[in-house]
Each structure stands twice: as structure tokens, then as C-alpha cells.
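Asker: return a 3D structure for these sequence lines:
(one chain, ligands or ions: 3)
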Amino acid sequence: MEQLAKSRGLRFLTNTNDLDHWGRDWTHYFPVNALGVIFPKTVADVSEILKHCHTHRICVVPSGGRTGLVGGAYATQGELILSLSQMNRILDWDPLGLTVKVEAGVIHETLQDYLRPKGFHWPVDLAAKGSCQIGGNLATNAGGVRVIKYGMTRRWVQSLTVVMANGKILELNGDLEKNNTGPCLRDLVIGSEGTLAVIAEARLKVTHLPRQCLTLFAPVENPAAALTLLQSLRECGAPLLAFEFIDKASLDLVLKHCGDPNPFGEFMSDAVLIDLETTDVSDVYAKTALDPRTILGESHSQVQKFWHYREIITEALDSMGFVYKHDVSLPQREIPRFLKTVDQEFSRRFPGATNFVFGHFGDGNLHLNFGYSAKDPDGRRLAHCEAANDWLFNLVHQYRGAISAEHGIGLLKRAYLRFTKSPEELAILHALKKAMDPHAILNPGKGVV
Ligand code: FAD
Ligand code: MLT
Ligand code: ZN
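Answerer: Ligands and ions are numbered 1, 2, ... in the order given. Now for the predicted structure:
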């Protein structure tokens, strides 16, 4: 590998500190074991590297911004880390087709900064935007806070340039909006977490920035009340851009983390953060049961502050002793019953822990975070939380939910796929993996395949 890197003028790192840095994502749970980190600069570089790995049976972890929350970008079995971070050019803007072509390593926020002055955005929005890469967003089919209006990442991709495990370069879908020539390989690669192919370039669809936006920060009594509010907003035709739930424990945590007073004064409760694409909320106030303490964001800085509370939850949780994260989705009507059932058992199963619940209620997506104030030096808490997964995922299954809504499978959820995917579905996916990566060199032990 060193020779290949040298002959193509590529950066190749092998020292322990570098491997430890590049070999992990946000989960922090696993020890890193990597062969090295290589930084291709072109699609041809990616192709040559994979050809070499295919021939010599070297396993590869495609690596983006490493903000993943399920261990997908971790190297644990002596793999080569293939970092796309030097492939970070914006290649083409098409104002007629409303698409932008990028290399996979473009940082999410860099793309938004490029599009904003033109009046457009790629309407995927997540708190990791300052670090995550477009390739990582596509490989995870990321969700985020605007799914309620725009849908998931897959909807905003026109075409991909991917490199297969054997080094072959495929153009998936050309620059076409409409292409019904059979099933779509592009859509299979999106969300495959680096297990089917490496995404090298993408042409993304963009849309106008919202013309206006009002933000409401509303206390709610409980999750059921949040959903009643959501239903009444939908019934009165409110143009929802975001509807995010933050439970009392999470709100309390972020306020302490930021050193800020409670915006609702003495009253501490669950809350929802709502963005509406409108300049007039009189109808919303007249037709929904908004709590009188609801705050309408009046200045840019106030709105930013409310969104900061929502976006900083992950970091606030990360800075406590130990947190075990879940990312489940459910039919929205089942959320209150599901959460009640979890609550009934939680303190018995997890003495000393708090369940921090927040997330994208507008999409039926809850983030449950089992948090402890003390650290987990010997991995006992991790093992304890993992041992409870069968209990939680059985519940998710009973309520006809999914064990991963938006974060993916990675290393963390692989043992629990059976709770969401049938054996028949898994068998088809395994056959597909075999066809696309016969020596199983791409991201082994991760994802669905
Ligand atoms: P990485 O973590 O580097 O990789 C993720 C997976 O994609 C790995 O399996 C990796 O092998 C694969 N991969 C990366 N690049 C490529 C490529 N070019 N080709 C093929 N495979 C590749 N996620 C959400 O969905 N919604 C959220 O709201 C959200 N909020 C977050 C907030 C915070 C603070 C943090 C830390 C994370 C959040 N995430 C969220 C999770 C994470 O940011 C997303 O999954 C993101 O899409 C990962 O992008 P990345 O570039 O960091 O990918
Ligand atoms: C979020 O919605 O903020 C993310 O999915 C991150 C998380 O779950 O911690
Ligand atoms: Zn989320």
C-alpha cells in the first residue's frame, strides 16, 4: 500500500496516533485496529486503491467526517481506512437543472455556504453539518431536522459516481431526473454504509431556500401533548419545516451545559421546537392549543439560540459520564404508548441512569439516550446497555417500528437486524453484497450485508 501511495503521490499514515484519530467515529466504544489511512485525490485514485485491495484481499473502511453514531466508520479488524477528505471540490453548478456536482469529501456546511448566496440549499440539515461529508450523508441516507418537509437524503440525489470493490467505476443514473430503465442501483448504494461501493462523486438536487421562517419554542406537558399539537398544526395546514421534541431531562441538560436560564421561566417541562414557512402565525395561535408560555422567536439571535439548544444535545450528552444511544422510529400514533412502556421498566433496568428523549417527532423518530453521570472505564455499562437491547428492540418490533431510523446499522446494530428485517429480505441483501463485493472487502462486519 505504501508503494501504491508513493507512486500516486498520496498521503498515507500509519502511526498509532493518526490511526487512533482516523479510525473511529463518534461512538468511541471500540478499540481501533487499522492498517493505515490513505487519502485519494481523484476517482482514479480510489479505483486504483480498491483494485489493489481486491487483488490482495485487503479490507477497506470508507471514511467521511466520522460523525456517525453507530460505528460505521470504525476500523477494528486491521482494515485500510479510505478517507475521502481530500476529495473536497465542488465540481459543477447547474442553475437550469437545479443540481450541484460535488466530490464525496465536501463538508456538508461548505456546500450550503456555496448554495446560500444563490438562494438555494441542499435541504438535508443535521447538527453535524460542520464536520460530516456529503459522501457520509449519502452512505447513511441521513435524516435530520427537515425531513418533515423535504424527506431523507435519498430524495435529493440525482446521480452518483461510485467505485466498486474491484475498482470498476460506475456512473449511476447520468444527469437524469427521469430514468425508469429498471431498478435503480443508485438508490441501493445510498444508505448502504460503505458496504456495497465507495461513493466518489455525486450530483445533488437543490431547492430554493424557504422564503420565510418563523420559529416557535413551545412547552408541552408530555409526548402525547406534543403529538396532539402536531396533529392540530397539520389539520390547520401549517407549513411545517421542522417539529422537534426535547424532553424535560434533555432541556435541563442543555441549559446547564450552556449556562443559560430556562426560557420558560420557572416552568420546566418537555418542549417542542417548530419552524414554519410563513410570516403569519395568527392561524396557528387561533387553531391549535399552544401553551400560553410559547415563545415566538423574535430576533435572529433568539432563533439561533433555540436551535442551538436542540443541536447541542448530542454534545451535552457526550460530555456526561457515559451515554448509550438509540435511534428508533415508530408509527407516530404509537409513540406515547411506546414511551410509557419504556418508562415503566427503565428505572428498574437502569438504576442510576436517566433516559434523555428527543428527536424528530414529526417523522416518528425518537432518540433515546441512556445516560449516566459517571464514566464507564471497564465497559460494564456498555455491556449492560447492550444486554437490554433485546428488550427494547422487541418493544420496537411489537409497535411495528424500526431499530434504526436515520443513523444506520454500523457495528452497533448489526446483531439486532432481525427485529426489523425479515430473513427473506436479509437473504436478498446478502446475495446483492456477494454480487457487488465478492471478497467482502468493503466495510466488513458493518451494516446490513
Ligand atoms: P462517517 O461517520 O465518516 O461514515 C458513516 C458511514 O458512511 C460509515 O459506514 C462509512 O463507512 C460510510 N461512508 C462515509 N463516506 C463514504 C463514502 N464516500 N462512500 C461510501 N461510504 C462512505 N444523523 C442523522 O441522520 N440525522 C441527524 O440529525 C444527525 N445529527 C447528528 C448530530 C451530531 C452532533 C452528530 C455527531 C451526528 C449526527 N448524525 C445525524 C449522525 C451523522 O452525522 C450522520 O450519519 C452523517 O451522515 C455521517 O456523515 P460522515 O461524513 O460523518 O460519515
Ligand atoms: C440528532 O437528531 O440531533 C441526531 O440524530 C444526533 C443524536 O441522536 O444524538
Ligand atoms: Zn436525529
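Asker: how about the residues of the stretch 301-449 of the chain near ligand 1?
Answerer: Thr314, Glu406, His407, Gly410, Asn443, Lys446 (Cβ under 6 Å from any ligand atom). C-beta coordinates here come from the backbone N, C-alpha and C atoms, glycine included.
Asker: could you work out the most separated pair of those residues?
Answerer: The span of those, defined through Cβ to Cβ, is set by Thr314 and Asn443 at 23.2 Å.
Asker: looking at the two, which is more packed in?
Answerer: The neighbour comparison of Thr314 against Asn443 (other Cβ atoms under 10 Å) goes to Asn443, with 29 against 21.
Asker: where's the more buried one relative to ligand 2, distance?
Answerer: Distance check for Asn443 against ligand 2: by Cβ to the nearest ligand atom, to the nearest Å, it reads 21 Å.
Asker: Asp280 too?
Answerer: From Asp280 to ligand 2 the distance is 29 Å (Cβ to the nearest ligand atom).
Asker: mind checking the SS state of that residue?
Answerer: coil (DSSP: H, G, I helix; E, B strand; the rest coil).
Asker: next: the one 3 residues further on.
Answerer: Using three-state DSSP, the structure places Asp283 in helix.
Asker: for the residue lying closest to it once chain neighbours are set aside, give me its contacts.
Answerer: Distance criterion Cβ to Cβ, 6 or more residues apart in numbering; nearest residue to Asp283, sequence neighbours excluded, is Cys236 at 5.8 Å. By Cβ atoms under 8 Å, 6 or more residues apart in numbering, the contact set of Cys236 is Asp283, Val284, Lys287, Thr288.
Asker: and the strands in the stretch 151-300 of the chain, which stretches?
Answerer: 157-163, 169-172, 198-205, 207-208, 214-220, 240-246, 270-276, 295-296 (DSSP state E, counting those that start in this stretch).
Asker: minimum distance to Asp390: which of those has it?
Answerer: Nearest of the strands of the stretch 151-300 of the chain to Asp390, taken as Cβ to Cβ: strand 240-246 at 25.9 Å.
Asker: just send the contacts of Cys236 back as TSV, with distance to ligand 1 too.
Answerer: Listed next are the contacts of Cys236 as TSV, based on distance: Cβ to the nearest ligand atom, whole Å:
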residue	distance to ligand 1
Asp283	29
Val284	25
Lys287	29
Thr288	25
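Asker: can you add distance to ligand 2 and pLDDT and give these back as a markdown table?
Answerer: Compiled in a markdown table, these are given as follows (distance: Cβ to the nearest ligand atom, whole Å; pLDDT from 0 to 100):
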| residue | distance to ligand 2 | pLDDT |
| --- | --- | --- |
| Asp283 | 28 | 91 |
| Val284 | 24 | 95 |
| Lys287 | 28 | 94 |
| Thr288 | 24 | 95 |
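Asker: can you count the residues close to Tyr150?
Answerer: 17.
Asker: closest to Cys59 out of the strands of the stretch 151-300 of the chain?
Answerer: Of the strands of the stretch 151-300 of the chain, nearest to Cys59 by Cβ to Cβ is strand 198-205, at 12.8 Å.
Asker: nearest spatial neighbour of Asp363, chain-adjacent residues omitted?
Answerer: Val147 is the one closest to Asp363 (Cβ to Cβ, 6+ apart), at 4.7 Å.
Asker: what's the distance between whichever residue of the stretch 251-400 of the chain sits closest to ligand 1 and Arg154?
Answerer: Taking Cβ to the nearest ligand atom, ligand 1 has its nearest neighbour within the stretch 251-400 of the chain at Thr314, 3.7 Å off. According to Cβ to Cβ, to the nearest Å, Thr314 stands 23 Å off from Arg154.
Asker: what residues does the protein put near ligand 2?
Answerer: So the chain meets ligand 2 at Leu69, Ala127, Ile313, Thr314, Lys325, Asp327, Gly359, His367 (Cβ under 6 Å from any ligand atom).
Asker: okay if I get the residues you listed as CSV plus pLDDT and secondary structure?
Answerer: CSV is the format used below for the residues of the chain next to ligand 2 (pLDDT from 0 to 100; DSSP: H, G, I helix; E, B strand; the rest coil):
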residue, pLDDT, secondary structure
Leu69, 98, coil
Ala127, 97, helix
Ile313, 98, helix
Thr314, 98, helix
Lys325, 97, strand
Asp327, 98, strand
Gly359, 97, strand
His367, 98, strand
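Asker: ranking those residues by neighbours, who comes first?
Answerer: Gly359 (28 neighbours).
Asker: hmm, Asn369 and it touching each other?
Answerer: No - checked against Cβ atoms under 8 Å, the pair Gly359 and Asn369 is beyond contact range at 9.7 Å.
Asker: tell me the contacts of the closest residue to ligand 1 within the stretch 151-300 of the chain?
Answerer: Residue of the stretch 151-300 of the chain nearest ligand 1, by Cβ to the nearest ligand atom: Gly194 (3.0 Å). Gly194 makes contact with Val61, Pro62, Gly72, Ala73, Ala139, Leu442, Asn443, Lys446, Gly447 under the criterion Cβ under 8 Å, 6+ apart.
Asker: buried among the residues you listed? Make that a PyMOL selection.
Answerer: For the buried members of these, the matching PyMOL selection, counting by 16 or more other Cβ atoms under 10 Å, is:
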select buried, resi 61+62+72+73+139+442+443+446+447
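Asker: of the contacts of Gly194, which pair is most distant in space?
Answerer: Ala73 and Leu442 (12.5 Å).
Asker: identify the contacts common to those two.
Answerer: With Cβ under 8 Å, 6+ apart, Ala73 and Leu442 have common neighbours Pro62, Gly194.
Asker: enumerate the residues of the stretch 151-300 of the chain near ligand 1.
Answerer: Counting by Cβ under 6 Å from any ligand atom, the residues of the stretch 151-300 of the chain near ligand 1 are Glu193, Gly194, Val198, Ile199.
Asker: now, which of those sits nearest His21?
Answerer: Gly194 (18.6 Å).
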